[in-house]
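Q: coordinates for the following, if possible.
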Amino acid sequence: MTDSNRIQTQQVGGCGAVLREARDKAGLSQSEASSRLKMPLKVLQALEDEQWGLLGAPVFVRGQLRNYARLLKIDIEPYLQQAELETVRPAELVSHSYTPRFQRFFESAARRAVYIVITAAIAVPVWLATQPHLSNKGEQRTASLDLEGAESSARGSAPAGAGSTQATPGSRPAATPYVASIAPIPRPQAAALKLRFSGDSWVQITAADGSTLEQSLLRAGEERSYAIGQVARVVLGNAAAVEVQHAGSTVDTAAYRRANVARFAVSSDGSLAPVAD
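A: Below you'll find the predicted structure:
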């Protein structure tokens, strides 16, 4: 720094005035100085106006002042001590109030009481709702599927006068035990394969072991029925005049026909499948 600059800076009071005077002497505008420092213009203006409160912590303000002074080639250190820049204050430790032991115990007991009340409010209604079912559990009996038949059977099987007691007025008659049957009800099963002839047709029915079940000309109005696993292969000469039923449903034999002759195989479950000629 030249002697003339040192003398001029001594005539100025604060950091901001020193920087402004040095910038004017260097022939720089605030915008040009802001561009060279890569510093926002409002920050540079706050430095020259000594508005330290707008610039953040004092350590950052000192750094910005030094950068600005380095650009202007002046010594700013003597003026930093005169600047009203507060040092960073250490964090103040605030002591929390002490909670007595009795108060902590009371607060803990109050929280537990709230939990108990909430649990009881949920559990008691559920227990009351299930109580009638639990009390009547021993009185439940299984009714017979055929109540009248069971009662008549019980009355018919009891010998007359053998240790029987007469009901007295006001007494409760003895309950007759109910007997329920779990035997399955037999149901008629449809034939696995059924043939109905609306016209004359020559047929050949082959069994699963390769033997011939039927090979003849069947007339219109005739029917043939075969059980599951009984038939292995069927050939129908006049296929258009034969209605084929599988498990009670009519089967379209168009996929098995060739020149009005249908050939198909019957699987073990009764389903049909095409066969080669």
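
Q: now this protein, which segments are flagged as low pLDDT?
A: The chain contains residues with pLDDT under 70 at 1-13, 82-98, 132-191, 270, 276-277.

Q: break it into its domains for me.
A: 3-80, 193-274 (automatic domain parsing).

Q: which of the ones you listed sits closest to residue 114?
A: domain 3-80 (47.4 Å; CB to CB). Bear in mind the C-beta positions are built from the backbone N, C-alpha and C, glycine included.

Q: where exactly do the helices run in this protein?
A: With helices called from DSSP state H, the chain shows them at 3-10, 15-26, 30-37, 41-49, 58-72, 77-80, 101-135, 147-157.

Q: name the stretch among the ones you listed that sits most buried.
A: Stretch with highest mean neighbour count among these: helix 15-26 (a mean of 19; mean count of other CB atoms under 10 Å).

Q: quick one on the thing from earlier: mind checking the helices of the chain for the one nearest to residue 239?
A: Closest among the helices of the chain, using CB to CB: helix 147-157, at 51.2 Å.

Q: thinking again about what came up before, so which of the helices of the chain is nearest residue 212?
A: Comparing these by their distance to residue 212 (CB to CB), the top pick is helix 147-157, with 49.5 Å.

Q: just the strands from the stretch 151-277 of the chain, written as ranges.
A: Taking DSSP state E, counting those that start in this stretch as the test, the strands found in the stretch 151-277 of the chain are 193-197, 201-207, 212-218, 223-226, 231-236, 242-246, 249-251, 257-258, 261-266, 272-274.

Q: can I get those strands in JSON lines including distance to residue 124 and mean neighbour count?
A: Listed next are these as JSON lines, based on distance: least, CB to CB, whole Å; neighbours: other CB atoms under 10 Å:
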{"stretch": "strand 193-197", "distance to residue 124": "66", "mean neighbour count": "20"}
{"stretch": "strand 201-207", "distance to residue 124": "73", "mean neighbour count": "18"}
{"stretch": "strand 212-218", "distance to residue 124": "75", "mean neighbour count": "13"}
{"stretch": "strand 223-226", "distance to residue 124": "67", "mean neighbour count": "16"}
{"stretch": "strand 231-236", "distance to residue 124": "69", "mean neighbour count": "21"}
{"stretch": "strand 242-246", "distance to residue 124": "62", "mean neighbour count": "17"}
{"stretch": "strand 249-251", "distance to residue 124": "59", "mean neighbour count": "12"}
{"stretch": "strand 257-258", "distance to residue 124": "76", "mean neighbour count": "13"}
{"stretch": "strand 261-266", "distance to residue 124": "67", "mean neighbour count": "20"}
{"stretch": "strand 272-274", "distance to residue 124": "66", "mean neighbour count": "14"}
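
Q: would you list these in a markdown table and tack on distance to residue 131?
A: Output for the strands of the stretch 151-277 of the chain, formatted as a markdown table (distance: least, CB to CB, whole Å):
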| stretch | distance to residue 131 |
| --- | --- |
| strand 193-197 | 60 |
| strand 201-207 | 67 |
| strand 212-218 | 68 |
| strand 223-226 | 60 |
| strand 231-236 | 63 |
| strand 242-246 | 57 |
| strand 249-251 | 54 |
| strand 257-258 | 72 |
| strand 261-266 | 62 |
| strand 272-274 | 61 |
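
Q: out of those strands, which comes closest to residue 106?
A: The nearest among those, by CB to CB, is strand 249-251 at 80.7 Å.

Q: picking that back up, okay if I get the helices of the chain as TSV plus distance to residue 249?
A: Shown next, in TSV, are these (distance: least, CB to CB, whole Å):
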stretch	distance to residue 249
helix 3-10	113
helix 15-26	104
helix 30-37	94
helix 41-49	92
helix 58-72	92
helix 77-80	105
helix 101-135	47
helix 147-157	36
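
Q: next, count neighbours for residue 14.
A: Neighbourhood size, residue 14 [other CB atoms under 10 Å]: 15.

Q: look up how far residue 264 lies from it.
A: 113 Å (CB to CB, to the nearest Å).

Q: what's the answer for residue 110, then?
A: According to CB to CB, residue 110 stands 84 Å off from residue 264.

Q: what do you get for residue 55?
A: 99 Å.

Q: same question, residue 100
A: With CB to CB as the criterion, residue 100 and residue 264 are 96 Å apart.

Q: also residue 242?
A: Relative to residue 264, residue 242 is positioned 11 Å away (CB to CB).

Q: any shared contact partners between those two?
A: In terms of CB atoms under 8 Å, 6 or more residues apart in numbering, residue 242 and residue 264 are both contacted by the residues residue 253.
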